[in-house]
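Trainee: structure for this input, please:
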Amino acid sequence: MQVHSKKTDSSPQNKMANYAAMLHGQNDLRFEPAPQLGKLDFGKVRIQVKAVGICGSDVQLLKRGRLAQWAVEQPIVISHEAAGLVLEVGEGVQSLQVGDQVALEPCTPCWKSRAARQGYYHLCPDVKVFGIPTEHGVLRNVLDHFEEFCHKLPSSVTLEEGALCEPLSVGIHACRRGKVQCGKNVVILGAGPIGLMTLTAAKAFGATKIVVTDINSHNLALAEKMGATKTYLPSKTASPQEVADKLKEMLVPVGPQIVFDCVGFESTVQTAVLSCCERGRVVIVGMAQEYVSVPMNMLAAREVEMVGTQRYANTWPLCISLLEDRKIDIVPMVSHRFGFDEAEVAKGFDTALRSTETKAVKVMFSL
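Mentor: Model (predicted):
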């Protein structure tokens, strides 16, 4: 992948320079001046971005020029996982001051919808998300964001960890939806970044046994390092029933009580349902396919509950608390680190795009 640059002064002397990784369309990522910021709005803070992670959705946007129903029709700044330093506070801001380290929650609801008013602001039909067309993302030097979605970090939590609060939030929200608690047997299908964050969250929530399965042995080794009780590498030709039987065997006598599908293919959804014990719970986290066939007879006859997840809500305080108390360690999943200039952005996204070859799990930029 090539990243094109628009030549302007990006020297260190230009301290207020604001550059961005701008996605113009399919396989068209450019390093150029970021959209100009105006006067800081009421209730907002200006952030110097210091750490950014690449998400799988960023890779999909770059490869396909769209993500589900959202198509790149005009240039946008890419990415949504970030942390940084407060440069300036707008009128009305009370909880933050210049110099504070903050983790950025990328969703902004309208606050008028029923979901937002009831606290489920992530389900607001008019929610705006950094890096999802048509909203500009975070892979730039400076941005503005609402105070309530800039979460202050204690000095013991690094900016890189602050940026990782976003994927960690996905795992925490999934575990809340799955009702993970002490004594539960958990299965996680998929050991990518979200699967690994779900593993981390499940451990923090007290799950007794956690089995992680994937077709990538490198990721399974990382899952073991991050606390999986057992891992399973199925053959690529194994049927959903065969995988389900193996998972039940690994968690005898009760079997899997909570199964997280962090992939979202038809085969993994079927595996989740077929492996789950009576009155267990299947949590759909990954969404690789829009429509899938589900073994409804097994779902109904064993009274298995199937629930969906959509991003997260009210998770950052718990993320930060777990990190501050060192109850979790999420840094091992960072496989590659890059700086922030034309060449580094190109290398970072190329590494993420070729993850099978590069063994990339989580790629981070330091700005």
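Trainee: what ranges does the stretch 201-350 of the chain have for its helices?
Mentor: Ranges of helices in the stretch 201-350 of the chain, per DSSP state H, counting those that start in this stretch, are 217-225, 240-250, 266-275, 296-301, 316-324, 342-353.
Trainee: dump these to JSON lines, plus mean neighbour count, distance to Met22 and mean pLDDT.
Mentor: C-betas here are computed from N, CA, C, even on glycine. Shown next, in JSON lines, are the helices of the stretch 201-350 of the chain (neighbours: other C-beta atoms under 10 Å; distance: least, C-beta to C-beta, whole Å; pLDDT from 0 to 100):
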{"stretch": "helix 217-225", "mean neighbour count": "17", "distance to Met22": "31", "mean pLDDT": "97"}
{"stretch": "helix 240-250", "mean neighbour count": "18", "distance to Met22": "41", "mean pLDDT": "98"}
{"stretch": "helix 266-275", "mean neighbour count": "24", "distance to Met22": "34", "mean pLDDT": "98"}
{"stretch": "helix 296-301", "mean neighbour count": "12", "distance to Met22": "44", "mean pLDDT": "95"}
{"stretch": "helix 316-324", "mean neighbour count": "19", "distance to Met22": "27", "mean pLDDT": "98"}
{"stretch": "helix 342-353", "mean neighbour count": "20", "distance to Met22": "10", "mean pLDDT": "97"}
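Trainee: out of those, nearest to Lys128?
Mentor: Ranking these by proximity to Lys128 (C-beta to C-beta) places helix 316-324 first, at 17.2 Å.
Trainee: contact partners of the closest one?
Mentor: 103, 105, 151, 153-154, 156-157, 161-162, 165, 168-169, 172, 204, 328, 330 (C-beta atoms under 8 Å, 6 or more residues apart in numbering).
Trainee: just the CA atoms of that helix, as CSV, please.
Mentor: Extracted in CSV, the C-alpha atoms of helix 316-324 (Å, rounded to 0.1, in the frame of the first residue of the first chain):
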residue,chain,number,x,y,z
TRP,A,316,-14.3,3.7,30.0
PRO,A,317,-14.4,4.3,33.8
LEU,A,318,-14.2,0.5,34.4
CYS,A,319,-11.4,0.1,31.7
ILE,A,320,-9.3,2.8,33.4
SER,A,321,-10.0,1.4,36.9
LEU,A,322,-8.8,-2.1,35.9
LEU,A,323,-5.7,-0.6,34.2
GLU,A,324,-4.9,1.6,37.2
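Trainee: quick one: least confident helix or strand in the chain?
Mentor: Using mean pLDDT, DSSP states H and E, strand 3-5 stands out as the lowest-scoring helix or strand of the chain, at a mean of 55.
Trainee: quick one: name whatever helix or strand follows it.
Mentor: Using DSSP states H and E, the next helix or strand after strand 3-5 towards the C-terminus is strand 19-25.
Trainee: what helices or strands is that following strand leaning on?
Mentor: Using 3 or more C-beta pairs under 8 Å, 6 or more residues apart in numbering; DSSP states H and E, the elements in contact with strand 19-25 are strand 28-33, strand 76-77.
Trainee: tell me which other helices or strands the longest helix belonging to the chain touches.
Mentor: When every helix of the chain is counted residue by residue (DSSP state H), the longest turns out to be helix 165-178. On a contact count with 3+ C-beta pairs under 8 Å, 6+ apart, helix 165-178 meets strand 81-89, strand 101-104, helix 193-204, strand 258-261, strand 281-284, strand 305-308, helix 316-324.
Trainee: is it possible to get JSON lines of the ones you listed that adds distance to Gly137?
Mentor: Listed next are those as JSON lines, based on distance: least, C-beta to C-beta, whole Å:
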{"stretch": "strand 81-89", "distance to Gly137": "8"}
{"stretch": "strand 101-104", "distance to Gly137": "10"}
{"stretch": "helix 193-204", "distance to Gly137": "17"}
{"stretch": "strand 258-261", "distance to Gly137": "27"}
{"stretch": "strand 281-284", "distance to Gly137": "25"}
{"stretch": "strand 305-308", "distance to Gly137": "24"}
{"stretch": "helix 316-324", "distance to Gly137": "18"}
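Trainee: now, of these, which is deepest in the fold?
Mentor: Among these, strand 258-261 has the highest mean neighbour count (mean count of other C-beta atoms under 10 Å), at a mean of 30.
Trainee: tally of neighbours for Arg64?
Mentor: 12 (other C-beta atoms under 10 Å).
Trainee: that one against Gln26, yeah?
Mentor: Yes - between Arg64 and Gln26 there is a contact under C-beta atoms under 8 Å: 6.2 Å.
Trainee: without its sequence neighbours, what residue ends up closest to the residue nearest to the spatial centre of the chain?
Mentor: Central residue of the chain (C-alpha atoms, centre = their mean): Pro167, 2.8 Å from the mean position. Closest residue to Pro167 apart from its sequence neighbours, by C-beta to C-beta, 6 or more residues apart in numbering: Met197 at 4.9 Å.
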